[in-house]
Every structure is written in structure tokens, then in C-alpha cells.
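>>> have a look; sequence and predicted model below, questions after that.
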Amino acid sequence: MKTVFSATQLAHAPAQEISDGKLQPAVEIPSRAEIVLSTVKDRKVGDVIPPLEFPIRPLHRVHSEEYVSFLERFWSLWTASGRDAEAFPFVWPIRSLRQDTKVEHIDGLLGRYSMDAGTPLGQHTYRAARASADTALTAAKLVLDGEKSVFALCRPPGHHAGHDFFGGYCFFNNAAVAAQYLRDYGLHRVAILDVDYHHGNGTQALFYDRPDVLFLSLHADPKDEYPYFLGYADETGEHAGTGFTRNWPLPLGTDWEAYSPALDEACRWLLVYKPEAMIVSLGLDCFERDPISGFKFNSEDFVRLGQRLARVGVPTIFILEGGYAVDALGTNCVNVLEGFSG
Ligand code: 6XA
Ligand code: ZN
């Protein structure tokens, strides 16, 4: 299996994040990608190739032009306002505040275009996020050109990012951008299976009213876990997309034994839908030692996950999402890829 990777993604290197009511060391850090890359090489998964540089158009198919432009201009606006440290949003246009004002202050813009205060932005965030989206797009192009499976080693991750907002360490929704690219360049039915520990709220929302991109997600029950406000079992799509979203919220403490029946059910939906390609939002944060998560996968379980996904039998793009137990991340990720490849 080919891996797509760009070192430009490492330029986004947050030092701190807000969690548990304090500033703590950031967990979505460059060493995540570095350990996955070195394990891909050590275990000879296949060639590692750089992404193509795509124009802005495929990003605008998923994200609003205003939002993309905000991310591009962010650092110059932030520094022009006299700041030089990492930025965190802190005020949002929530219920009863005006949605229709044209905000110009960078603090207002940060609130307008975000969903949480847990996602640090820095000088190189835009450049790294573009490289991450290019990585996913290149994987999609390879599948259109006939590859049966490709690994997009993406970072920063993408599945929480929506049409016009960032959050959950995500800026551009790599899986959604890849899915839309597959649709725009010839495929009619694409499925996204999100196995990250957290619900992929951004991806779900982007395709919620569409039947051409099936969204299936297994994740920690949002009543107990981030992102709290989406990912419940009664969310099944709307309008033309009714029935084309499915969620399996699972209790904290879920292990492979409890997870695999839900995965089997998701795979049965895939067999019914018969996608021409599948995108796997591959988070490795179901791991028992993940520092921010509460499931109980061991490293062998990730082999089983890969084996199960292979049985779906469709061209597959793996897109890296979360997973923060850095020492085990390469092993767990490559376990999925090897399990899949057999
Ligand atoms: C709150 C938790 C962010 C979740 C990030 C993640 N800081 N999403 O792994 O998949
Ligand atoms: Zn996650």
C-alpha cells in the first residue's frame, strides 16, 4: 500500500492546549506523524510519496471561501493585533448574539470560525493544514487512477472541521475533501467510515442531506465525550440524505469484543450501499493507553480492525485522524494497514 506524506504538515507544532481547565502540553503534535512515518518505513508498508500541490478549488468544494481565507489570513491579523503567541478562540456568537454582523476583529473572527477553545492556531497552521488536505486529495487521485488502497498520513486531522469552522485539532476536513473529489472526478457513491474514538461531527454535517456520500461512525457516546453536541443514534440524515448517516455511540470502556458487533453492523450497511470507494477516518485513539480517550483496544485489536475492513472489499483510502499515545501510534496504525493488506 502506498503512503502519502508531506513534511510541511510538521510545521503546525502547537506547544499548549486548553484542557481540564488549564494550559497543558498539546497532544496533536508533529511527533505523531513522525512515528507513524518511521513505522510505515520500518515495516515496509510500501512506497512513501509526497502529495501533489492542489489548487484551492477542491477545498472550496467543502469549505466556505470566507473560512479558507480567514485561515490563510489568520497569522497576519493575529500579529497585527499585537499578539505573537498561539491563539485560542474565546467568544462565540451563540444563541441571542448576532449572527449577521460583519466581524473584523481577529478575536471575533476566531469565535465566528471555531467550535471550541481546545484547538491552538499558530504561524504555520494554514500551510500545514493545506499540506494535510493535499495529502488526502493525492490519495483520492491515486484511487481514481486505479490503486486499491492508499494511506494518507494526514496531520493536522480533519473530521471535526465543518463547512466554516475549525475545532478538535482540525482545520480542513481531509476525509470530506477527498470524498468530494472522488465525487467530482467520476465516482457516484462514496462511503466514509469513521473509526476515530470521537464522533466526526464535521464530516457528518457536511454530507447530512446527501445520499451520494454515506457517513458511518463508531465512537464514544457524545453524552459522555467530546464533541457532546452531535453523534447520537437518532441522527440518520435529512432530506435526500435521510438514511445515509448512521451513528454507533458506544459506552466509555468499550473493548474490541463490545466494539466488533457494531463494526459488523456498519460493514453490513457498506455492503448494502455498495460504494465505489470507501474512506476510513482512521483515528487510533480507541487504544487503551490513549491519554485523552476511554476505550480499551489493545494493539492486536487494530490488526483485527484492518482485517474486518478488508472484507468490505472496496477500494479504500485510510486517512489519519486522532490518536495520541505517541509511543504506540506507529504500531497501532501500521497494524490496521497490515491487517487490511493481509
Ligand atoms: C478536546 C478533544 C478533542 C478531540 C480530538 C480528536 N480537546 N478527535 O481526537 O478525533
Ligand atoms: Zn479522536
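Structure's in. What do you need? Ligands and ions are numbered 1, 2, ... in the order given.
>>> you'd agree residue 193 is in a strand?
Yes: assessed with DSSP: H, G, I helix; E, B strand; the rest coil, residue 193 lies in a strand.
>>> what separates stretch 272-280 from the chain centre, distance-wise?
17 Å (CA atoms, centre = their mean, to the nearest Å).
>>> let me fix that: stretch 28-36
15 Å.
>>> buried ones in it?
Across stretch 28-36, burial judged by 16 or more other CB atoms under 10 Å covers 28-30, 32-36. To be clear about C-beta, it is placed using only N, CA and C from the backbone, and glycine gets the same treatment.
>>> please apply the same query to stretch 268-288.
270, 273, 275-288.
>>> ok so, going back, could I get the buried residues of stretch 28-36 as CSV with pLDDT?
Converted to CSV, the buried residues of stretch 28-36 look like this (pLDDT from 0 to 100):
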residue, pLDDT
28, 98
29, 98
30, 99
32, 99
33, 99
34, 99
35, 99
36, 99
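>>> quick check: phi and psi on the residue of the stretch 1-150 of the chain found nearest ligand 2?
Proximity of the stretch 1-150 of the chain to ligand 2 (CB to the ion) peaks at residue 28, 9.4 Å away. Main-chain torsions, residue 28, degrees, to the nearest 10: phi -90, psi 80.
>>> what of the one 3 residues further on?
The phi and psi values for residue 31, taken as degrees, to the nearest 10, are phi -60, psi -20.
>>> now it. Nearest residue, chain neighbours left out?
residue 326 (5.4 Å; CB to CB, 6 or more residues apart in numbering).
>>> any idea how far ligand 2 is from that neighbour?
Distance, residue 326 to ligand 2, using CB to the ion, to the nearest Å: 14 Å.
>>> again with residue 205
Distance from residue 205 to ligand 2, by CB to the ion: 16 Å.
>>> give me the element residue 337 is part of.
helix 326-341 (DSSP states H and E).
>>> can that helix be found next to ligand 1?
No: using CB under 6 Å from any ligand atom, helix 326-341 stays clear of ligand 1, with a minimum separation of 11.9 Å.
>>> all numbers from here: first residue = 17
Got it, first residue is 17 now, which makes that one helix 342-357.
>>> so which elements touch that helix?
helix 46-58, strand 165-168, helix 315-326, strand 332-336 (3 or more CB pairs under 8 Å, 6 or more residues apart in numbering; DSSP states H and E).
>>> need those in CSV with distance to residue 232, can you?
Output for the helices and strands packed on helix 342-357, formatted as CSV (distance: least, CB to CB, whole Å):
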stretch, distance to residue 232
helix 46-58, 24
strand 165-168, 18
helix 315-326, 12
strand 332-336, 14
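>>> ok, back up a step: for the buried residues of stretch 44-52, which one is nearest ligand 1?
Using CB to the nearest ligand atom, residue 44 is the member of the buried residues of stretch 44-52 that sits closest to ligand 1, with 7.0 Å.
>>> of the buried residues of stretch 44-52, which ones also sit close to ligand 1?
Of the buried residues of stretch 44-52, not one also sits near ligand 1 (CB under 6 Å from any ligand atom).
>>> who's in contact with the closest residue to ligand 2 within the stretch 217-358 of the chain?
In the stretch 217-358 of the chain, the residue that lies nearest ligand 2 is residue 338 (2.8 Å; CB to the ion). Shown here is residue 338, whose contacts under the criterion CB atoms under 8 Å, 6 or more residues apart in numbering are 44, 173, 185, 212-214, 299-301, 309.
>>> including distance to residue 121 and secondary structure, could the residues you listed go into CSV?
Below are the contacts of residue 338 laid out as CSV (distance: CB to CB, whole Å; DSSP: H, G, I helix; E, B strand; the rest coil):
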residue, distance to residue 121, secondary structure
44, 27, coil
173, 28, coil
185, 24, coil
212, 33, coil
213, 35, coil
214, 30, coil
299, 34, coil
300, 38, coil
301, 35, coil
309, 35, coil
